[in-house]
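Q: below are the sequence and a predicted model; questions follow.
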Amino acid sequence: MNLKKLNIENKKIRDLIPQILTVLALLSVIIYFASNAQINMGNRGISFGFGFLSQEASFDIAFSLIEFDGSYSYGRAFLVGLLNTILVSVIGIFLATILGVIVGVARLSSNFLIAKTAEWYVEIFRNIPLILQIFFWYFAALRALPAPENAINFYDISYLTIKGWYIPKFVWINFDIFCYSIILAFISIYFFNRYAKKQREEFGKILPTLTLSLGILILIPLLSFLLLGVSLSFNYPELKQLSETSYTYENGVSIIPELIALALALSMYTATFIAENVRAGVLGVGKGQKEAAASIGLNKGQILKLVVMPQALRIIIPPTTNQYLNLTKNSSLAAAIAYPDMVLVFAKTALMQTGRAIEIISITMLTYLSLSISISIFMNWYNKKMAIKEK
Amino acid sequence: MIKSIKTWILVGFASLLLVACGQGGGGAGSKKSKTLENTKKAGFVKCGVSQGLPGFSNADASGNWSGIDVDVCRAVAAAVLGDAEKVKYTPLSAAERFTALTSGEIDVLARNTTWTLSRDADIGLTFVGVNFYDGQGFMVRKNSGINSVNDFKDGISACTNTGTTTELNMRDFFNSKNIKYEPIAFEKADEVVQAYDAGRCDTYTTDKSGLAAQRTKLSAPNDHKVLPETISKEPLGPVVRQGDSVWEDIVRWSLNTMIEAEEYGVNSSNASSLKDSDNPAIKRLVGAEGELGAAFGLDNDWSLRIIEQVGNYGESYKKHIADTGILPNRGPNELWTKGGILYVPPAR
């Protein structure tokens, strides 16, 4: 090989060569593993391909946000699992955030009892393995909840039982018009807020933005009911006898106990970490900042909203993003208590029925990766938005 | 700088070589058994079993495994290594079992696994026989007044294991009866039992032998009963990887030997004294006639060791299934000569 021809003296190329070779070496390793797997699979008579995704799944799933039964395809089953994973993650993140903020602030309270309770909560729940907490909420809750015939009754509208939490079913007429009206409301709120900001900055006029925004959000959908023929009625759950001693509810919507237990366990666990983030964030804002804000005549609410929170959020958001990612990934423990998430439905049941281990595990891993990256991108965007802009 | 570039080129070259080697190796020998060689080298049989199913494969408090599935592993160890105790057991969930086998983590899967066409043909497995004929059934509470599957109504919730044929049969069954049901599928059997016990589901469905075994784990076993109907065929048997026909034969004939021994009345206590029997079939079984072991590279006493150390099928069934009260009646798992369907090809 003629090194002169490669123009080795040129610094740019010289720096590039090791990088190219590193990539090549990495690629070779990947190709090696892939071809090795292919040969071994060939030897053992295992075929490779994604054709199975369109085959009939022929198993049923207890809980699904979209229509599904065994006559649909494995691809559809994957979608059901993915939506269930997203559902429990969203519920978990929502509850964990609320609980985390409350507990985090409570730990800073000057009230001894409140501060100590919050501290104990954090220390207990973050130090017990999550899988045990999931089992605890599932089996403890199962044992504690009554059978359907003795359900905990919420005003004859909703019933909490061992078989699930039965709530009324929403029966919509012209649901699409209602959706458009909500979208319209949000667009109006956006423009109204821009107008209010302009008024404040140019004329020093402060409009009651929050109250008026809420008003718009209620008024426009309400108009769709009154003028555009949208209507909503409810199907209430009714007790039904299955046999001499067992009952169930029909006509309503059932929120399965597996979902409740999993969401509860995930949010109780993750909230402890978020609480510590919140505490760190609030403590991280210097005392002088509050005093300075007070000295220019801001009231308590304004100090919190305009001075403390923007600075605290800077500290809180990045580690909280990690917790959101953790919660999403931890939701894969669902299989232990039969909540049909992506892992249970796809990476276990579908894998077993088709035997396509490599294909299914690859799809599942890529999906979790995309989920995590989406959350990351969103939180980074939010973080940038919250970052202090130097003027 | 030149030196470091040379190093990099070398690394790149070496990894390309690695790829080339990867393409070359890996072909399985046709007559020799790689699995047999590796097993002899390791000194134990790598056997996949359940995570605890009384009668089939269950570990006691000190970690000793027993059951009729475990006896298949022990028979293979006795034939190949000369000692039935030389088995390494790997407890597997239903969802893990086939991957563990195809990836080589285990060499024999004896885990109450149903033989089906797609499993046999599509995913690199080979079923070698049937060591238990089973069928899927339903367990309900006695006080429910349900006496037959015809008493099931819309809205019933059914607990079962995920990743099993049970899940598919259940759908076929409820669809054919036009009943809406709620399927609750757990990964591990213990959680199914707990959830059913707590009242989460109205019925628990799995293989009937499994129902009988799991019933003993309920808080009040006598408050529950298994319905008379059987909704599916579940021939359970040991499985090996595709592509090693010698190993496949060893496992198949280890199982067949146990059944054949029962047929000819050879058991663990009389086997060695039957070396000079008048019946040539018995003499072949105890290694006094023929060279049957040589066909798969074993000595001639391989079958004698299975019978002496593990016992015949009847002994195994009595010890693990009948005497433990799981299924005292052998039903279809009786020899063909006694009205059952156990029928194995002759060992000659």
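A: Received it, and whenever you're ready, just let me know what you need.
Q: count the residues that sit near the residue lying closest to residue B:91 once chain neighbours are set aside.
A: In space, and not counting its chain neighbours, residue B:91 is closest to residue B:51: 4.5 Å by Cβ to Cβ, 6 or more residues apart in numbering or on different chains. (Glycine included, C-beta is placed from N, CA and C.) As a burial measure, residue B:51 scores 17 neighbours (other Cβ atoms under 10 Å in any protein chain shown).
Q: dihedrals phi and psi, residue B:51?
A: With angles defined as degrees, to the nearest 10, residue B:51 sits at phi -90, psi 10.
Q: measure it to residue B:58 for me?
A: Noted for residue B:51: a distance of 9 Å to residue B:58, by Cβ to Cβ, to the nearest Å.
Q: now residue A:370: how far from chain B?
A: 23 Å (Cβ to the nearest Cβ, to the nearest Å).
Q: what's near enough to touch the residue nearest the centre of chain B?
A: Chain B has residue B:110 as the residue nearest its centroid, 2.4 Å off, counting by Cα atoms, centre = their mean. Contacts for residue B:110 (Cβ atoms under 8 Å, 6 or more residues apart in numbering or on different chains) come out as B:47-49, B:57, B:69-70, B:72-73, B:131, B:238-239.
Q: apply 10 Å and report the result again.
A: By Cβ atoms under 10 Å, 6 or more residues apart in numbering or on different chains, residue B:110 lies in contact with B:47-50, B:56-57, B:67-76, B:87, B:89, B:128, B:131, B:236-239, B:251, B:255.
Q: tell me which helix or strand residue B:76 sits in.
A: When elements are assigned from DSSP states H and E, residue B:76 belongs to helix B:68-81.
Q: check residue A:103 too.
A: Applying DSSP H and E as the criterion places residue A:103 in helix A:74-107.
Q: and that helix, what does it pack against?
A: Helix A:74-107 is packed against helix A:112-126, helix A:257-283, helix A:309-330, helix A:342, helix A:351-354, helix A:357-386, with contacts defined by 3 or more Cβ pairs under 10 Å, 6 or more residues apart in numbering or on different chains; DSSP states H and E.
Q: pLDDT below threshold where in chain A?
A: In the predicted model of chain A, residues A:1-9, A:44-45, A:388-391 satisfy pLDDT under 70.
Q: so which residue is dead centre in it?
A: Central residue of chain A (Cα atoms, centre = their mean): residue A:90, 2.6 Å from the mean position.
Q: so that one makes contact with residue A:65?
A: No. Counting by Cβ atoms under 10 Å, residue A:90 does not reach residue A:65; the two are 11.4 Å apart.
Q: and the residue nearest to the centre of chain B, how close does it get to residue B:85?
A: From residue B:110 over to residue B:85 (counting by Cβ to Cβ), the distance is 16 Å.
Q: one more: residue A:115?
A: 60 Å.
Q: so which of the two has more stuff around it?
A: The neighbour comparison of residue A:115 against residue B:85 (other Cβ under 10 Å) goes to residue A:115, with 14 against 11.
Q: before we move on, what SS does the closest residue to the more buried one other than its chain neighbours have?
A: Among residues not flanking residue A:115 along the chain, residue A:109 sits closest, at 4.9 Å (Cβ to Cβ, 6+ apart). Put simply, residue A:109 is coil when judged by DSSP: H, G, I helix; E, B strand; the rest coil.
Q: after the helix holding residue B:76, which helix or strand is next? Please name it.
A: Next element after helix B:68-81 (DSSP H and E): strand B:87-91.
Q: angle of that next one against helix B:68-81?
A: Strand B:87-91 runs at 150 degrees relative to helix B:68-81, counting by axes from the mean of the first three to the mean of the last three Cα atoms, to 10 degrees.
Q: thinking again about what came up before, so what's the residue nearest to residue B:91 up against?
A: For residue B:51, the contacting residues are B:57-59, B:91-94, B:96, B:111, B:187-190, by Cβ under 10 Å, 6+ apart.
Q: let's see that with 7 Å instead.
A: B:91, B:93, B:188-189 (Cβ atoms under 7 Å, 6 or more residues apart in numbering or on different chains).
Q: let me know the closest of those to chain A.
A: residue B:188 (7.5 Å; Cβ to the nearest Cβ).
Q: how close does residue A:216 get to residue A:231?
A: According to Cβ to Cβ, residue A:216 and residue A:231 sit 22 Å apart.
Q: please disregard the earlier target; I meant residue B:45.
A: Going from residue B:45 to residue A:231 by Cβ to Cβ gives 69 Å.
Q: which one's more surrounded, the two?
A: Neighbour count, other Cβ under 10 Å: between residue B:45 and residue A:231, residue B:45 has more, with 26 against 12.
Q: could you count how many residues lie near the residue lying closest to that one once chain neighbours are set aside?
A: Closest residue in space to residue B:45, ignoring its immediate chain neighbours: residue B:77 at 4.5 Å, by Cβ to Cβ, 6+ apart. Residue B:77 has 27 neighbouring residues, counting by other Cβ under 10 Å.
Q: and for the strand or helix carrying residue B:139, what's in contact with it?
A: Take DSSP H and E as the rule and residue B:139 turns out to sit in strand B:136-141. Residues outside strand B:136-141 that contact it (Cβ under 7 Å, 6+ apart): A:245, B:146, B:149, B:166, B:169, B:202-208, B:211, B:215, B:223-227, B:229-232, B:234.
Q: mind running it again at 8 Å?
A: Contacts for strand B:136-141 (Cβ under 8 Å, 6+ apart): A:243, A:245-246, B:146, B:149, B:158, B:165-166, B:169-170, B:196, B:202-208, B:211, B:214-215, B:223-227, B:229-232, B:234.
Q: repeat for stretch B:84-91
A: Contact with stretch B:84-91 is made by B:43-52, B:57, B:59, B:65, B:70, B:73-78, B:100, B:105-106, B:305-306, B:309-310, as judged by Cβ under 8 Å, 6+ apart.
Q: okay then, goodbye and thanks.
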